[in-house]
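K.L.:
mind folding the following:
(chains A and B)
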Amino acid sequence: MTVETLADLAVYLADFGVAVTYTQGANPPVQFKAIFDEPTVDSHSFHDAPAVIQSLPALMARTADLPAGAAKGDAVAVAGNAGAWIVRGIYPDGTGIARVDLELSA
Amino acid sequence: MTAHLRTQIRAAAAAALAGLPTTGARVFQSRTVPTADADLPALLVYTRTERSGFDAMGTDTERPLRRELSLWIVAVCRATDAEPDDTLEQMCVEATAALAVNPGLAALVLQAELVSTEFDVSGERADRRPGRAGMTWRGLYRTPAGDPTSPA
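P.N.:
Coordinates of the predicted model:
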């Protein structure tokens, strides 16, 4: 059970989210708002070699806003961000929110 | 002061690896700080361990000490639109060819051989897919027992 309703989440994302264009194959693009985050972290270590600096781009979106069949490989554009993103994985949290992991397509 | 032969061997290996098609000048010796995109794809060069021992009995400090140096070459890349394996393999091809025939390295070691290669393509979450390949080379060389700075 979750405290927030889908409507509550929509209000939250309307205030703090950015516009996202989600394209699944040849289907028409779908637009919704989501939180885009891209923290910079060190990779895991490889024996004694130093880490690789990388970022972890992801969207926090309402699961209901994602198109049916959304999956790895879908294309994502984020307003105000020049990256051409593709979906790496989708992880619903069971309360109406899904983390959509992204990676650069080129 | 002349450097330890290990240092000279590491430097010679790094010089041999400089200018390769995939990595160019991005060759770093004994790097301990994380690598960023501006440094990639890259080759990291380390001397990790060394086994040593005498070939003959005696107390003469000029007796040759046989040394087996483990030289670790780490290929590091981040890939988009593909898994990193192919890039890592190409980096291994270039590094192996460069080390196998390098006269600077050959002047310091009696033999250099690739003894193992390990890959790290774990599928870690990231904006680009990271990959690393660690090539362990064994360099055989001898020094006088009391002077590790010159070949014997």
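
K.L.:
run through the strands of the chain in chain order.
P.N.:
Let's take chain A. Counting by DSSP state E, one finds strands in chain A at the ranges A:18-23, A:30-37, A:40-42, A:53-55, A:58-62, A:75-78, A:85-92, A:97-104.

K.L.:
try again with chain B
P.N.:
Using DSSP E, strands in chain B cover B:27-29, B:42-54, B:64-79, B:111-120, B:129-144.

K.L.:
how about those, which one is nearest B:Met1?
P.N.:
Closest approach to B:Met1 among the strands of chain B (CB to CB): strand B:129-144, 15.2 Å. Bear in mind the C-beta positions are built from the backbone N, C-alpha and C, glycine included.

K.L.:
from the contact counts, what lies against the closest one?
P.N.:
Judged by 3 or more CB pairs under 8 Å, 6 or more residues apart in numbering or on different chains; DSSP states H and E, strand B:129-144 is in contact with helix B:5-17, strand B:64-79, helix B:85-100, strand B:111-120.

K.L.:
which helices and strands sit right next to the helix or strand of chain B with the lowest mean pLDDT?
P.N.:
One helix or strand of chain B scores below all others by mean pLDDT, DSSP states H and E: helix B:103-106, with a mean of 86. The contact analysis (3+ CB pairs under 8 Å, 6+ apart) places helix B:103-106 against helix B:5-17.

K.L.:
switch the helices and strands packed on strand B:129-144 over to TSV; also include distance to chain A and mean pLDDT.
P.N.:
Formatted as TSV, the helices and strands packed on strand B:129-144 follow (distance: least, CB to the nearest CB, whole Å; pLDDT from 0 to 100):
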stretch	distance to chain A	mean pLDDT
helix B:5-17	15	96
strand B:64-79	5	94
helix B:85-100	12	95
strand B:111-120	5	94
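
K.L.:
could I get the ones you listed as a markdown table with mean neighbour count?
P.N.:
Shown next, in a markdown table, are those (neighbours: other CB atoms under 10 Å in any protein chain shown):
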| stretch | mean neighbour count |
| --- | --- |
| helix B:5-17 | 21 |
| strand B:64-79 | 22 |
| helix B:85-100 | 18 |
| strand B:111-120 | 15 |
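
K.L.:
looking at the ones you listed, which is nearest to A:Ala14?
P.N.:
Among these, strand B:64-79 sits nearest to A:Ala14 (CB to CB), with 34.9 Å.

K.L.:
neighbouring strands of that closest one in the sheet, and parallel or not?
P.N.:
In the sheet, strand B:64-79 lines up against strand B:42-54 (antiparallel), strand B:129-144 (antiparallel) (DSSP bridges).

K.L.:
pLDDT weak spots in chain A?
P.N.:
The model of chain A has pLDDT under 70 over residues A:1-2.

K.L.:
need the residues of it near chain B, please.
P.N.:
By CB under 8 Å from any CB of the partner chain, the residues of chain A that approach chain B are A:38, A:42-44, A:46-57, A:83, A:88-89, A:101-106.

K.L.:
of those residues, grab the buried ones for ChimeraX.
P.N.:
Under the burial definition 16 or more other CB atoms under 10 Å in any protein chain shown, those of the residues of chain A next to chain B that qualify are selected in ChimeraX by:
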select /A:43,46,49,50,51,52,53,54,55,56,57,83,88,101,102,103,104
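
K.L.:
make a markdown table from the helices and strands packed on strand B:129-144 and add distance to B:Thr23 to it.
P.N.:
As requested, these are exported to a markdown table (distance: least, CB to CB, whole Å):
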| stretch | distance to B:Thr23 |
| --- | --- |
| helix B:5-17 | 7 |
| strand B:64-79 | 8 |
| helix B:85-100 | 6 |
| strand B:111-120 | 16 |
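
K.L.:
can you name the residues that contact the residue sitting furthest away from the middle of chain A?
P.N.:
Residue farthest from the centre of chain A, counting by CA atoms, centre = their mean, is A:Asp48 at 32.4 Å. Contact analysis of A:Asp48 by CB atoms under 8 Å, 6 or more residues apart in numbering or on different chains lists B:Tyr46, B:Arg48, B:Trp72.

K.L.:
this completes my enquiry, with thanks.
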